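> Just the structure for this:
(one chain, ligands or ions: 2)
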Amino acid sequence: MTLDEILKEIKNSEKIVILTHESPDGDAIGSSLATQFLVQELGKEADVIIPEYSRLFNFLPNASNILEESSMEKYDLAIAVDCADEKRIAQKQYFENATKTIVIDHHGTNQMYGDLNFVNPVSPACCEVLVGIFQYFDIKISKEIGTCLLTGIITDTGGFRHEGINPETFEFTADLIRIGVNIPDIYKRVLRTNTRANFELAKRVSNRMEFLEDGKVTFTYIDAKDEEEVGAQPGDHEGLVEIGRDIEGVEVSIFIRQKEKEDKYKVSMRSGNTVNVSDICFVFGGGGHPRAAGCLIQGTVEEVKEKIMKEVKKVL
Ligand code: 5GP
Ligand code: MN
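Numbering: from 1, shown residues only. Ligands and ions are numbered 1, 2, ... in the order given. Next up is the predicted model:
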């Protein structure tokens, strides 16, 4: 069983690093911190390296331990969480240089790029995969660990609303309420609180929203100038793709964001009930989940829009 090998690998390593994807969301950060707790419970220490993340997640237990980088050149073991593709790992050199690598994830498009891969594509969050690992290793989930895990589950399920939630999601949540995890507080912090810059970006995104294909598709964008003007910080674009998704009659929402003043856009896609946006993003070298996916496309706003729409029209 892969999990037995993972346990052995952690126990045999001294210098361990935990990494996740760039532009990390609550599941990425929650999974990273929960994995650090897991390693500690097994009697080892691990660095968590996340170069940039939204300050809204600073409330998470041990968030102050997060490093932007490390002076260690070669770790014995690197663990990547919530990341489908080695290319997307933030500070991926620590992964590339490590003697052994482990991947823990829930993306159907995971490239299985670790020496050991534990991937459950039907899990609604990487944090839910980790719950299973804590249980398998028979490690008690404390209130602190539970807060990290539930943060990932709440963000990736949109507050228990997306497909993929299952009886275990709620059973586990019930157990956490019993040990004192404050769900309303997490919910408020990660789903209801927006930064002022995020609100300003949402206004621009709404004003620019185009309705295509008889209102079945929305398209909108922000560029580097927008982010500069509103003083955007890491994570301030989170949730903007959902504005289009939640409009009546919309099946596919497309939101693109300029990458570092170049002719390159980070694409975020969401779908309602039928279109598999992960398949569309896969065409462009990206991936994700059937109802939420992303990729990186070269071009101007109009060119990127055309490239994506060509693929969207095939499946509408
Ligand atoms: P978001 O639109 O919130 O950035 O990402 C939605 C989902 O797609 C997440 O699960 C994310 O990990 C995945 N995703 C976003 N961009 C990429 C990408 O470029 N490559 C891959 N493989 N997955 C991506
Ligand atoms: Mn995730």
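> Please see if stretch 282-300 touches ligand 1.
Yes: using C-beta under 6 Å from any ligand atom, stretch 282-300 reaches ligand 1 at 286, 287, 288, 289, 292, 293, 294, 295, 296. For every residue, glycine as well, the C-beta is placed using N, CA and C.
> In strands only, show me those.
Under the assignment DSSP state E, those contribute 287, 288, 289, 292, 293, 294, 295, 296 to strands.
> All the strands of the stretch 1-150 of the chain, in order from the start?
16-19, 46-48, 77-81, 100-105, 116-119 (DSSP state E, counting those that start in this stretch).
> Of the ones you listed, which is nearest ligand 1?
strand 100-105 (9.0 Å; C-beta to the nearest ligand atom).
> Against which helices or strands is the closest one packed?
Applying 3 or more C-beta pairs under 8 Å, 6 or more residues apart in numbering; DSSP states H and E, one finds that strand 100-105 contacts helix 2-11, strand 77-81, strand 116-119, helix 126-136.
> Around ligand 2, pick out the residues from the protein.
Within reach of ligand 2 by C-beta under 5 Å from the ion, the chain has these residues: 27, 82, 126, 156.
> hmm, which two among those are most spread apart?
Among the residues of the chain next to ligand 2, the pair separated by the greatest distance (C-beta to C-beta) is 82 and 156, at 8.5 Å.
> neighbour-wise, which of these two wins?
residue 82 (31 against 27; other C-beta atoms under 10 Å).
> how much space between the residue nearest to the more buried one when sequence neighbours are not counted and ligand 1?
The shortest distance from residue 82 to any non-neighbouring residue, by C-beta to C-beta, 6 or more residues apart in numbering, is to residue 126 (3.8 Å). The gap separating residue 126 from ligand 1 is 9 Å, by C-beta to the nearest ligand atom, to the nearest Å.
> Adding mean pLDDT and mean neighbour count, write the helices and strands packed on strand 100-105 out as CSV.
Converted to CSV, the helices and strands packed on strand 100-105 look like this (pLDDT from 0 to 100; neighbours: other C-beta atoms under 10 Å):
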stretch, mean pLDDT, mean neighbour count
helix 2-11, 98, 15
strand 77-81, 98, 30
strand 116-119, 98, 19
helix 126-136, 98, 22
